[in-house]
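Chemist: Predicted model, plus sequence, below.
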Amino acid sequence: MKKSTSLSALCLASMLAVGLSSCSSTHVEAPAPLLPVPEPKQVEWQKMETYAFIHFGLNTFNDREWGYGDTPAEVFNPARLDCEQWARTLVAAGMKGVILTAKHHDGFCLWPFAGTDYSVANSAYKDGKGDIVRELSEACKKYGLKFAVYLSPWDRHQANYGSPEYLDYFYAQLRDLLTNYGEVFEVWFDGANGGDGWYGGARETRTIDRRNYYNYPRIYEMLDSIQPQAVIFSDGGPGCRWVGNERGFAGATNWSFLRKGEVYPGYDKSYELQYGHADGDQWVAAECDVSIRPGWFYHPEQDSLVKTPEQLVDLYYRSVGHNGTLLLNFPVDRNGLIHPIDSANAVRFHQIIQEELKTNLVAGLTPQVSDERGGAYVASALTDNDYDTFWATTDSVVTADITFAFPSALRMNRMLLQEYIPLGQRVKAFTVEYRDASGNWQPVVLNEETTTIGYKRLLRFSSVVSDGIRIRITDARGPLCLNNIGVYDAGEQADKLFEEVQVSKMQSFPFTLSGVNAESAAAASDRDEKTTCFVDGDLLTVDLGSERFVSSFHFLPDQGEPNQGLVSHYELSVADADGQHVRKVKAGEFSNIRNNPVMQSVYFTPVKARYLYLKAVRMVTENEPMGFAEIAVR
């Protein structure tokens, strides 16, 4: 027995040393990296998942969002400023770090920068002896938070903004921040650049060449030489990118790629950033910035407009859960504190997430997989809670099934999926299914498409009680590499998201139905479920009137008794303004529509289109016209 134990120990040591799951002499290579891939610092940055923004400055006291640059520095005078209160609040809210707005567009500096008189050194705060950048940096060290800075490239105060001389000033500010305040995890550059301002009293509008004025390659060299571990944020990175909106969410389809050199600060196609470039050649993952209030700076009248814990939970699932990070802004108030309403809501948000994802129902279980690479890259790695172990398929396999079986039926309504991104992002499409009481596999009910995964994908689906759940990866860029799967029961309130929308409250872009007489077509948009538009043939053509970005199609089937015109299997396609470039965006079935003719929703990768075509591949009752009580396109 002792000899056997010793051999087992030696075997285990060997396994750990070479990364194999058995003592087989056959070494199994990991899948080759699939470019583009992230730098190690980009992986560590994304693991932070949630971190805070702090907007605080003269705007806090002059009740503006974008200061003009003419407010006197002495106006800045927080009576009870306490950076440790900020840090304690952020830790309790689950934040892993904080980015401080060291200088916003008005040019006022929260540290005593020697190159200007427009800073805390000339304010009433601490009789000009304060340094808020240092105070927060030290508070972060004390409470275990990472620290970062936002330095606005635009400066509405400086007289020389727009000239070559301003660049020396800006570079000196950046060097000062990066040299004297410890390690930073990110440097944040805004896309707002150039416009009207005080500019030393000139009070005029100045424009710059947004692509070239700041000489970003030189800035990146400086950053790499001083803070090589820092990730650089800008509209197009290079470390991480803006998500294209300030509402705090990424697309359900979200690639961590951009086409190199194409996106610049102030990029005029910012909507693309919500989804990334599927054909991109540079790794630039999305950061989802949003304020807990309507404004980025504190305004007393917004004390009643703080986002609720439930709203923040939704944003978490649509940011971190959509392969991004969540950068949540806290507008510090005029006392120099995070307001108690903001604090309470943020802490409760964190508690809800912890509660919903507390117990992984598949932890330690080994799923059945349709393909396995072998060696260290086996199915057990999916549930061992180790980020750096992963299951992979053989090189030629880009589709696979992952099936979990339970001894008894369990309630499930949340799922976590992670790809091992150090080797690249691969998955292009997947589905999730559960085993029903008859032993048949049925799709779970989701309110978004299932395309990309990336660093992390979190799914919320309508509760199922089942003894089996299956992930089917149906398309990928290369062999699969997944390192983590979680399945959860988020509790009694988990299905609130899936409460049926009242027909009277359905929202849609305006549309007409081609080839359908106006009186009949009106029944599909009158928000009256008792009226039905019947369409002859197998093709419904929805004309939006002009090209729009659309991402979902919804319809309520005929609600008569018996129901007529039920579409069982479908194909959904789109076309441009000329009816050209037709392409299929989704195909499938409306599961159980015969027995449960409720609202049917099809989600797909957002696309610019004027026409949507719904083809009935199969009807529940053949040769009936299609029936639509209501239609919506969003």
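Modeler: Nice, thanks for sending it over.

Chemist: contacts and neighbour counts: CA atoms only from here.
Modeler: Fine.

Chemist: Which stretches in this protein count as helices?
Modeler: Counting by DSSP state H, the chain has helices at residues 2-18, 40-48, 58-62, 83-92, 132-143, 164-180, 216-226, 309-319, 340-356, 518-522.

Chemist: Compile those into TSV and extend it with columns for mean neighbour count, distance to G560 and mean pLDDT.
Modeler: As requested, those are arranged in TSV below (neighbours: other Cα atoms under 10 Å; distance: least, Cα to Cα, whole Å; pLDDT from 0 to 100):
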stretch	mean neighbour count	distance to G560	mean pLDDT
helix 2-18	12	64	36
helix 40-48	16	51	98
helix 58-62	23	58	96
helix 83-92	20	53	98
helix 132-143	19	62	98
helix 164-180	16	67	98
helix 216-226	13	63	96
helix 309-319	21	35	96
helix 340-356	18	39	98
helix 518-522	15	16	94
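
Chemist: For T394, find the nearest of those.
Modeler: helix 2-18 (19.3 Å; Cα to Cα).

Chemist: Count the neighbours of the nearest residue to D342 once chain neighbours are set aside for me.
Modeler: Sequence neighbours aside, V306 is the residue nearest to D342 in space, at 6.4 Å (criterion: Cα to Cα, 6 or more residues apart in numbering). The number of residues packed near V306 is 17, by other Cα atoms under 10 Å.

Chemist: so how far is V133 from V306?
Modeler: V306 sits 26 Å away from V133, taking Cα to Cα, to the nearest Å as the criterion.

Chemist: How confident was the prediction at the residue lying closest to Y317 once chain neighbours are set aside?
Modeler: The shortest distance from Y317 to any non-neighbouring residue, by Cα to Cα, 6+ apart, is to L458 (6.1 Å). On pLDDT, L458 comes in at 98.

Chemist: who's L458 bridged to?
Modeler: As for beta bridges, L458 partners with L416 under DSSP bridges.

Chemist: Wait, it touches S319, no?
Modeler: No. Using Cα atoms under 8 Å, L458 makes no contact with S319, being 9.3 Å away.

Chemist: Go through stretch 113-130 and flag the buried ones.
Modeler: By 16 or more other Cα atoms under 10 Å, the buried positions in stretch 113-130 come out as F113, Y118, S119, V120, A121, N122, S123, A124, Y125, G130.

Chemist: would you list those residues in a markdown table and tack on distance to G251?
Modeler: Listed next are the buried residues of stretch 113-130 as a markdown table, based on distance: Cα to Cα, whole Å:
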| residue | distance to G251 |
| --- | --- |
| F113 | 40 |
| Y118 | 40 |
| S119 | 39 |
| V120 | 40 |
| A121 | 43 |
| N122 | 44 |
| S123 | 43 |
| A124 | 45 |
| Y125 | 43 |
| G130 | 42 |
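
Chemist: out of the residues you listed, who's nearest F257?
Modeler: F113 (36.5 Å).

Chemist: wait, doesn't that closest one sit right on S119?
Modeler: Yes. Using Cα under 8 Å, F113 makes contact with S119 at a distance of 6.9 Å.

Chemist: What's opposite the closest residue to D576 other than its chain neighbours in the beta bridge?
Modeler: Closest residue to D576 apart from its sequence neighbours, by Cα to Cα, 6+ apart: A609 at 4.8 Å. Using DSSP bridges, the bridge partners assigned to A609 are R548.

Chemist: Next, work out how far apart A609 and R548 are.
Modeler: Going from A609 to R548 by Cα to Cα gives 6 Å.

Chemist: Please identify which of those two sits among more neighbours.
Modeler: The residue with more neighbours, out of A609 and R548, is A609; 25 against 17, by other Cα under 10 Å.

Chemist: Show the contacting residues for the residue nearest the centre of the chain.
Modeler: Computing the C-alpha centroid of the chain and ranking residues by Cα atoms, centre = their mean puts S319 first, at 2.6 Å. Residues in contact with S319 (Cα atoms under 8 Å, 6 or more residues apart in numbering) are G248, F249, A250, E287, C288, T325, L326.

Chemist: can you rerun that using 7 Å?
Modeler: Going by Cα atoms under 7 Å, 6 or more residues apart in numbering, S319 touches G248, F249, A250, C288, T325, L326.

Chemist: same thing with N413?
Modeler: Applying Cα under 7 Å, 6+ apart, we find N413 in contact with R460, F461, S462, S463, V464, Y488, D489, A490, A494.

Chemist: which among the residues you listed gets closest to L167?
Modeler: Checking the contacts of N413 against L167 with Cα to Cα, the nearest one is R460 at 47.4 Å.

Chemist: mind checking how far the closest residue to the closest one other than its chain neighbours is from Y317?
Modeler: Nearest non-adjacent residue to R460, counting by Cα to Cα, 6+ apart: R414, 4.8 Å away. R414 sits at a distance of 10 Å from Y317 (criterion: Cα to Cα).

Chemist: ok now stretch 535-551, how far from the chain's centre?
Modeler: How far stretch 535-551 lies from its chain's middle: 29 Å, per Cα atoms, centre = their mean, to the nearest Å.

Chemist: who touches it?
Modeler: Residues from elsewhere that reach stretch 535-551 (Cα under 7 Å, 6+ apart): 509-514, 516, 576-577, 603-616, 625-627, 634.

Chemist: Drop anything exposed from those.
Modeler: The neighbour-count test (16+ other Cα under 10 Å) marks 511-513, 516, 576-577, 603-607, 609-616, 625-627 as buried among the contacts of stretch 535-551.

Chemist: Filter those down to just the ones in strands.
Modeler: Residues of the buried ones among the contacts of stretch 535-551 located in strands (DSSP state E): 512-513, 603-607, 609-616, 626-627.

Chemist: How confident was the prediction at C23?
Modeler: Model confidence at C23, given as pLDDT, is 42.

Chemist: In the protein, where is pLDDT below threshold?
Modeler: Applying pLDDT under 70 to the chain picks out residues 1-25, 499-502.

Chemist: can you rerun that using 80?
Modeler: 1-26, 497-505, 591-592 (pLDDT under 80).

Chemist: quick one, what contacts the residue nearest to Y317?
Modeler: So L458 contacts Y317, G321, H322, M415, L416, L417 (Cα under 7 Å, 6+ apart).

Chemist: run the last query once more with 10 Å
Modeler: 252, 316-323, 414-418, 485-487 (Cα atoms under 10 Å, 6 or more residues apart in numbering).

Chemist: What about A159, how many residues nearby?
Modeler: Residues contacting A159 under the criterion other Cα under 10 Å number 16.

Chemist: Lovely, talk soon.
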